[in-house]
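> next come a sequence and a model predicted from it.
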Amino acid sequence: MSWFKRSDTSAKGFDWAGLIWLFLFFWYFSGITQLLIQLTGTSGFAGFRQAFVMSAIWLAPMLLFPRQTRLMAALIGVVLWACSMASLGYFFIYQQEFSQSVIFIMFESNVSEAGEYMTQYFAWWMVVAFLAHSAFAWFLWTRLRPVYMPRGRALVAATAILVAVIGYPLIKQTARTGSFASGFEKFETRIEPAVPWQMAVAYHRYLDTLAGMQEMLTSASKIPPLHNLKDSMANQPATLVLVIGESTNRQRMSLYGYPRETTPELDKLRDQLAVFDNVITPRPYTIEALQQVLTFADEDNPDLYLSTPSLVSMMKQAGYKTFWITNQQTMTKRNTMLTTFSQQADEQVYLNNNRNQNAAQYDGDVIEPFNKALADAAPRKLIVVHLLGTHMSYQYRYPSTFDKFKDRNGVPAGVRDDQLPTYNSYDNAVLYNDFVVSSLIKDYAKSDPNGFLLYLSDHGEDVFDSAGHATLGRNESKPTAPMYTIPFMAWASPKWRETHDWSFAGDLSRPYSSSHLIHTWADLAGLSFDELDHSKSLVSDSFKPRPLMIGNPYERQQRPLIDFSLIKPKTKPDTAEVVLK
């Protein structure tokens with residue numbers, strides 16, 4: 001039989017049914033996990049769509065070599081099946097999509113830790129699910145048959161598939177980004193939702209990101225320690241906690257006067273909190289903001305993070321055991337700086353291994369490892385908790401039990417009906433963030449610590465808040481106040497208050513940039529060293545008000561920094577708004 005002869009089942013025309021069975025077989029291994037992601041609302045539709053398109057690539061060899069269809073499908077299928085088992089199993093355990101972050105966790109774990117994970121998360125129903133998954137794959141394979149077509153048409157069809165799935169997208173991304181390397185990186189994102197590419201892409205990005213992180217860690221290890229560091233709390237037990245929020249604009253918190261009750265638990269704790277109401281962030285992006293917030297860098301000296309110790313390193317030098325608990329994505333090219341900060345800590349807990357940010361990942365997951373860190377036997381501890389907070393997409397930031405705000409009550413009249421769901425979901429995310437932050441404070445208080453907890457957000461978010469109600473998200477080139485106004489508050493234990501001045505009533509409205517946090521933190525912690533500038537400490541008697549500068553310090557030639565004091569409130573009939581003058 002000629003290899004280009006049509007099969008008997010399609011003697012009257014092309015065997016579309018055979019082609020559909022082939023596609024369904026190859027799509028199944030990626031599609032089953034993506035379908036579960038869709039049904040559970042874990043992430044958006046992009047992964048499902050991309051996995052669907054990428055599955056078509058395996059049709060090319062089937063059309064070129066139809067006589068070997070079942071053999072080739074079996075060989076390819078075994079690889080896809082193995083990868084899909086790993087992907088599906090990870091979803092069963094964590095309700096997350098497999099990503100490069102998982103590869104990082106795998107290589108950071110030892111055999112003992114892997115065994116503990118298996119013991120903790122194993123459930124017998126998973127065996128049944130895996131067997132069912134495998135059985136259906138076998139069933140699909142038994143339905144496969146050769147799809148014959150003339151040689152010329154087969155070559156054209158196979159080429160068209162490869163061009164449509166690989167060639168055109170790669171060329172398009174290369175042309176759009178201006179380089180093959182950048183285009184290939186974008187293309188990797190496109191193919192990542194499909195097996196086995198998610199494994200290959202994850203491992204490639206793991207190696208690439210790890211190299212960048214190791215370079216940063218090597219550079220950080222060469223930074224000299226702080227000069228003449230002294231600790232007024234030396235040799236005394238202390239537990240200090242820094243909670244870093246994400247994308248939370250204080251103007252949407254009832255703790256700061258927002259009409260909707262979005263922070264009921266923090267409202268109840270208000271008398272115990274030092275709530276600072278005039279703090280801004282220098283940058284509206286996480287990495288750029290935290291480069292300053294967690295180091296001695298600021299808008300005037302943005303490169304100091306490269307040559308001076310971080311807040312974590314400072315506390316380690318002071319004799320504290322350091323913990324980093326994060327619900328942010330771990331190993332992505334964008335988050336390398338965050339992972340580098342975390343790797344400076346003695347112990348790390350990485351909770352968010354999703355492939356993208358638009359995935360359900362709740363900050364309540366930080367509570368258990370936080371309590372475990374509190375119980376650690378070390379007498380002096382620093383615990384950093386990095387939340388996902390109210391990061392876009394907001395509907396993924398909270399469970400259904402916190403879906404409270406659904407109508408227009410308390411919503412500015414200028415917010416359109418089509419904007420209302422997003423506006424409400426942000427408030428619900430703030431409500432859940434209130435639950436998480438207040439839970440951390442309450443659990444910290446129960447541990448009877450000697451210390452304090454400080455919470456701030458990395459930056460804010462404009463969710464139709466500013467004039468015109470047309471802005472959503474963050475854009476440094478078009479700044480609005482909601483992007484920069486952040487919550488900043490502290491709670492101290494009775495033990496700490498007995499030995500420290502915690503009277504900040506006159507300090508709560510001081511104009512302050514979080515870029516100088518390390519000076520305030522050192523002041524609160526009782527540290528002193530040559531690099532400490534008390535005039536940059538929010539709680540110091542030597543505090544000196546400064547212009548609140550925002551903007552990209554590396555683009556001063558093209559776009560000068562902005563003094564945030566130029567952003568003034570403007571009252572509207574429907575709501576209090578803030579616009580850039």
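Looks like it came in fine. Numbering: from 1, shown residues only.
> from here on, just use CA atoms for contacts and neighbour counts.
OK.
> give me the below-cutoff pLDDT ranges for the stretch 451-581 of the chain.
For the stretch 451-581 of the chain, the stretches with pLDDT under 70 are 568-581.
> what bits of this structure have low per-residue confidence?
1-12, 43-44, 94-96, 98-122, 205-206, 208-214, 216-217, 330-337, 353-360, 568-581.
> would you list every one of the strands in the stretch 451-581 of the chain?
Using DSSP state E, counting those that start in this stretch, the strands of the stretch 451-581 of the chain run over residues 452-457, 462-463, 472-473, 488-492, 512-513, 527-528, 549-550, 562-563, 567-571, 576-580.
> export those strands to CSV and tack on mean neighbour count and distance to Gln50?
Shown next, in CSV, are these (neighbours: other Cα atoms under 10 Å; distance: least, Cα to Cα, whole Å):
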stretch, mean neighbour count, distance to Gln50
strand 452-457, 23, 34
strand 462-463, 26, 29
strand 472-473, 16, 25
strand 488-492, 21, 41
strand 512-513, 27, 42
strand 527-528, 19, 52
strand 549-550, 23, 38
strand 562-563, 14, 41
strand 567-571, 14, 43
strand 576-580, 17, 40
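> export these to a markdown table and append columns for distance to Ile441.
As requested, the strands of the stretch 451-581 of the chain are exported to a markdown table (distance: least, Cα to Cα, whole Å):
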| stretch | distance to Ile441 |
| --- | --- |
| strand 452-457 | 7 |
| strand 462-463 | 27 |
| strand 472-473 | 28 |
| strand 488-492 | 8 |
| strand 512-513 | 23 |
| strand 527-528 | 23 |
| strand 549-550 | 30 |
| strand 562-563 | 34 |
| strand 567-571 | 32 |
| strand 576-580 | 30 |
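> for those, which one sits closest to Leu229?
Closest approach to Leu229 among the strands of the stretch 451-581 of the chain is made by strand 527-528 (5.6 Å; Cα to Cα).
> so for Ser393, which of the strands of the stretch 451-581 of the chain sits nearest?
strand 472-473 (9.9 Å).
> what separates Glu555 from Glu476, distance-wise?
Distance, Glu555 to Glu476, using Cα to Cα, to the nearest Å: 11 Å.
> which of the two has more neighbours?
Each of Glu555 and Glu476 has its neighbours counted (other Cα atoms under 10 Å); Glu476 has more, 14 against 10.
> hmm, that one is touching Arg559, no?
No. Contact between Glu476 and Arg559 fails when scored by Cα atoms under 8 Å: they sit 10.2 Å apart.
> among the strands of the stretch 451-581 of the chain, which is nearest Ser307?
Ser307 sits nearest to strand 527-528 of all the strands of the stretch 451-581 of the chain, at 18.8 Å, using Cα to Cα.
> just the residues contacting the closest one, thanks.
228-232, 318, 522 (Cα atoms under 8 Å, 6 or more residues apart in numbering).
> okay, now the sheet partners of it, with direction.
Applying DSSP bridges, strand 527-528 is found paired with strand 230-231 (antiparallel).
> just checking, next helix/strand downstream of the partner strand?
strand 238-245 (DSSP states H and E).
> quick one: list the elements packing against the very next helix or strand once past that next one.
Once strand 238-245 ends, the next helix or strand along the chain (criterion: DSSP H and E) is helix 264-268. Where contact means 3 or more Cα pairs under 8 Å, 6 or more residues apart in numbering; DSSP states H and E, helix 264-268 is packed against helix 420-446.
> show me what the helix it packs on packs onto, helices and strands only.
Using 3+ Cα pairs under 8 Å, 6+ apart: helix 420-446 touches helix 264-268, helix 367-374, strand 462-463.
> off-centre distance for the strand or helix carrying Thr339?
Thr339 belongs to helix 336-343 when assigned by DSSP H and E. The chain centroid and the centroid of helix 336-343 are separated by 13 Å, computed with Cα atoms, centre = their mean, to the nearest Å.
> ok, now stretch 225-240?
32 Å.
> buried sites along it?
226, 238-240 (16 or more other Cα atoms under 10 Å).
> and for stretch 193-205?
Within stretch 193-205, the residues scored as buried using 16+ other Cα under 10 Å are 193-199, 201-203, 205.
> show me where the stretch 151-300 of the chain has its helices.
Under the criterion DSSP state H, counting those that start in this stretch, the stretch 151-300 of the chain contains helices at 151-162, 168-177, 180-191, 197-221, 264-268, 286-293.
> could you pull out the buried residues of the shortest one?
Residues of helix 264-268 classed as buried under the neighbour-count rule (16+ other Cα under 10 Å) are 264-267.
> turn these into TSV, columns for distance to Tyr28.
Putting the buried residues of helix 264-268 into TSV (distance: Cα to Cα, whole Å) gives the following:
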residue	distance to Tyr28
Pro264	46
Glu265	46
Leu266	47
Asp267	50
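> before we move on, the earlier item: for the buried residues of stretch 225-240, which one is nearest Trp496?
Using Cα to Cα, those come closest to Trp496 at Ala238, 8.7 Å.
> distance check, the closest one against Ser514.
24 Å.
> cool, Ser232 as well?
24 Å.
> burial count for Thr248?
30.
> what's near enough to touch the residue lying closest to Ser219 once chain neighbours are set aside?
Sequence neighbours aside, Leu306 is the residue nearest to Ser219 in space, at 7.6 Å (criterion: Cα to Cα, 6 or more residues apart in numbering). Going by Cα under 8 Å, 6+ apart, Leu306 touches 219-220, 223.
> ok, now Ala74?
Ala74 touches Trp141, counting by Cα under 8 Å, 6+ apart.
> same thing but 10 Å
For Ala74, the contact set (Cα atoms under 10 Å, 6 or more residues apart in numbering) comprises 68, 80-81, 138, 141-142.
> just Leu240 next, same as before
315, 320, 322, 374, 380-384, 444, 449-454, 492, 521, 524-525.
> any chance of the contacts of strand 527-528 in CSV with distance to Ser342 as columns?
CSV is the format used below for the contacts of strand 527-528 (distance: Cα to Cα, whole Å):
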residue, distance to Ser342
Asn228, 25
Leu229, 22
Lys230, 24
Asp231, 23
Ser232, 26
Ala318, 18
Ala522, 19
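> with those residues in mind, which one is nearest to Val128?
Of all the contacts of strand 527-528, Val128 sits closest to Ala318, with 52.4 Å by Cα to Cα.
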